[in-house]
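J.: This is a predicted model, with the sequence first.
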Amino acid sequence: MRSPQSSMGSCRLPGGRRPEMEPFPDDIFNLADIVLRVSREDPERIAVIDLDGWEGYGTRRYKRHTYAELSADAESVAVGLREMGIAEMTRIVFMSPPSYEACVMGVALTRVGAFSIWIDPSVGYLNMAERLRRVKPEAFLGIALAHIGRITFGWGPRTLRKLVLTGCPLLPGDRTITGFPPFPGARSIRSLRKQAPAEPEPPKVGPDDPCTILYTTGSTGPAKPSLYPHRNFCQVFRNAHHSWRWDPDNEVPVDMAVFPAFLFIPISAGGTMVVPPIDFARQRPAKVNSAAMIQVINDCEVGSFFAAPILIENLAREALARNLTMPSLKRVIGAGAPIFGPVERMLSAVMAPDGELAANYGATEAMPSTEMGSREHLQGLWNMTEQGAGICVGYALPGVALKIIDIVDGPIDSIEETSELPKGQVGEILVRGKHVSPGYYLDPESTRKNKVPDPQGDWHRFGDAGYLDAQGKLWVCGRVSQRVKADSGNVFPLQVEPLFDAHPKVRRSGLVGVPAPAGELPVLCVEVEPDVGKNELAGLHQELLARAADSEMANKIHAILFKRRLPVDPRHNSKIERPRLAKWAAQQLSGSRSRSQRTRPVTESSPPPAASSATAAVTVVRDAPVTRVTAGSTSEHVRTTRPPPPDHA
């Protein structure tokens, strides 16, 4: 089988040079002009590498699409879009996973200046319906499953007439419906192709006109419609070009579109977008086939990708377990949740020798804002994290400003109402920059809650607590809303959890607050590694208490609960869903107190004196209801608690 890159030769450009590719010089998000320019100056450059079945057992087949092909298809489809009424600022839902057809449609939509709406089904099917009704879509583009969801769950008005179907199999296998009688009422891409003009006109939009809505994950509240005007969305892509560390003057970037919302980043740099072996309609990041990912990365000589930390971790573990490397992989960007030192070490061992895993910090409303490379992170900064310093997310990207203010619970009507904190002091993190979404579409209340007006330029509230160190690096300590308000002071999750996550028997941990008469009780919920038996948990409990004794903040923990799996967010499968976990923890403590009046604990032991002089009860339980364990029990979890002090009893 020939290499999927064979029609490209090398990814390096002839003579080590490439056409000037300053992206979006007029602050208009116009991918079509970028694609058109590359198609004229380097028509055979590969724009998209798509999966194309199998040639034989274990050998993938790929289909390569040039920039000449992409430009011709996009320009012809753009004419058809205008004819069906999709033009400047038409609000169109985009629900098509990475593919060549998704690229054609995305480029064509920028030619006509449409206003695209991106939302992840992970927010919940019924929640999607409620969220989309608020933004009043006028058109809908998606695969067949998306159209089924549109009709079944009401993802936008069911009476929509501007419908486009992209070609993705409705069922697993090779069955596709593109080009055949389309989904009822929808136009296929083939039917949209018309004669394109020799010199396409730019869209009639300005830098401050709406370009895109990106919905937040909804992991800390209802998903919000982040509005990006053209000017701001262009800067998001410029920031990504900087963070991805591409060398576009000498080499064509080859990027895998693991995160659907970023599928156009390589196209915006005149690079190659590789379609990943992911069924986005059915697979969450934690369930992606890592072996298939490694195969495509190596076959297509992928140089970079952006992904959730859990996907990166699984990929690294798979490569190490099979003694595989990915020598073309030079830059991996992780975001959505913290990236831990052990994952950085694992991935670095299987990437290119000069490759690096970088953590981007930001939000749907401000991505990316900071970055931290793994090489610097592992040279002392990660050790500080394991000692309770928080998570270092690095330096602000060029043009990005950060500010730490005293924590405010509630809206802030002016920056003058805030108190800026000195370096080293934990407070609420604010960000300002051209890449920041200025507000939420048709949602003034969310805008008021999450933006801070400033005559010099408004600030966005990340909702995180953290601090700046003496060198200007940002350290994150956890969500402001998820800090534990203990009677002895605030306890921040990311200044506690890494101490325990460093234990070899701990898979991950989550700090939550349980309401009490005086403040909240800090409770640590621990997910152990799969090979840890329940007979080891009592000893592990003592070891974790000993770790807590060495930390002023961790020593405030009232209880340690062991749970088979901690709940995580549906989009990234990496963020702990703390509100849900807190409810579970409260139920466990409530059950423990009621039982303590009826029965003795199964076992008792004394924690180290430095940690507590109280006894620790160890009880094996199911998630719910809590039951006492007798000999021969097959219960699944262990809870270890310190009895509450007398005023909480």
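T.: Cool, got the structure.

J.: tally of neighbours for residue 136?
T.: Here the number of neighbours of residue 136 (other C-beta atoms under 10 Å) works out to 12. Where you see a C-beta, it was placed from the backbone N, CA and C, and this is true even at glycine.

J.: Which parts of the stretch 301-450 of the chain are helices?
T.: Using DSSP state H, counting those that start in this stretch, the helices found in the stretch 301-450 of the chain span residues 309-321, 341-348, 374-376, 382-386, 444-450.

J.: closest to residue 150 out of those?
T.: helix 444-450 (24.4 Å; C-beta to C-beta).

J.: Kindly provide the whole-number mean pLDDT of the closest one.
T.: In this model, helix 444-450 carries a mean pLDDT of 97.

J.: Toward the C-terminus, what is the element adjacent to it?
T.: From helix 444-450 onward toward the C-terminus, using DSSP states H and E, the following helix or strand is strand 451-452.

J.: Which neighbouring elements make contact with that following strand?
T.: The criterion is 3 or more C-beta pairs under 8 Å, 6 or more residues apart in numbering; DSSP states H and E, and the helices and strands that strand 451-452 contacts are strand 459-468.

J.: what does the strand it packs on rub up against?
T.: With C-beta atoms under 8 Å, 6 or more residues apart in numbering as the test, strand 459-468 has contacts from 220, 363, 365-366, 390, 393, 402-404, 407, 412, 415, 421, 423-432, 436-437, 449-452, 474-481, 483, 492.

J.: following it, which helix or strand comes up?
T.: Next helix or strand after strand 459-468 toward the C-terminus (DSSP H and E): strand 474-479.

J.: Just checking, which helix or strand of the protein averages the lowest pLDDT?
T.: strand 603-605 (a mean of 28; mean pLDDT, DSSP states H and E).

J.: Okay, now the unreliable bits of the stretch 151-300 of the chain?
T.: Residues of the stretch 151-300 of the chain meeting the criterion pLDDT under 70: 168-183, 219-220.

J.: let's go with 50 and repeat that
T.: With pLDDT under 50 as the threshold, the stretch 151-300 of the chain has low-confidence stretches at 168-181.

J.: which residues in it form strands?
T.: Listed in chain order, the strands of the stretch 151-300 of the chain (DSSP state E, counting those that start in this stretch) span residues 162-165, 187-188, 210-215, 225-229, 254-256, 272-274.

J.: To residue 47, which of those lies closest?
T.: Once C-beta to C-beta is applied to the strands of the stretch 151-300 of the chain, the stretch that comes out nearest is strand 272-274, at 6.5 Å.

J.: The nearest residue to residue 51 once chain neighbours are set aside: what's it in contact with?
T.: Across the structure, with C-beta to C-beta, 6 or more residues apart in numbering as the measure, the residue nearest residue 51 apart from its sequence neighbours is residue 275 (5.5 Å). For residue 275, the set of contacting residues under the criterion of C-beta under 8 Å, 6+ apart consists of 48-51, 98-100, 256-257.

J.: Between all of those, which two are at the greatest distance?
T.: When the contacts of residue 275 are compared pair by pair using C-beta to C-beta, the farthest-apart members prove to be 100 and 256, with a separation of 14.3 Å.

J.: the more surrounded of the two?
T.: Legend: neighbour count by other C-beta under 10 Å for residue 100 and residue 256, higher for residue 256 (28 against 24).

J.: contacting residues around residue 352?
T.: When contacts are counted by C-beta under 8 Å, 6+ apart, residue 352 touches 326-330.
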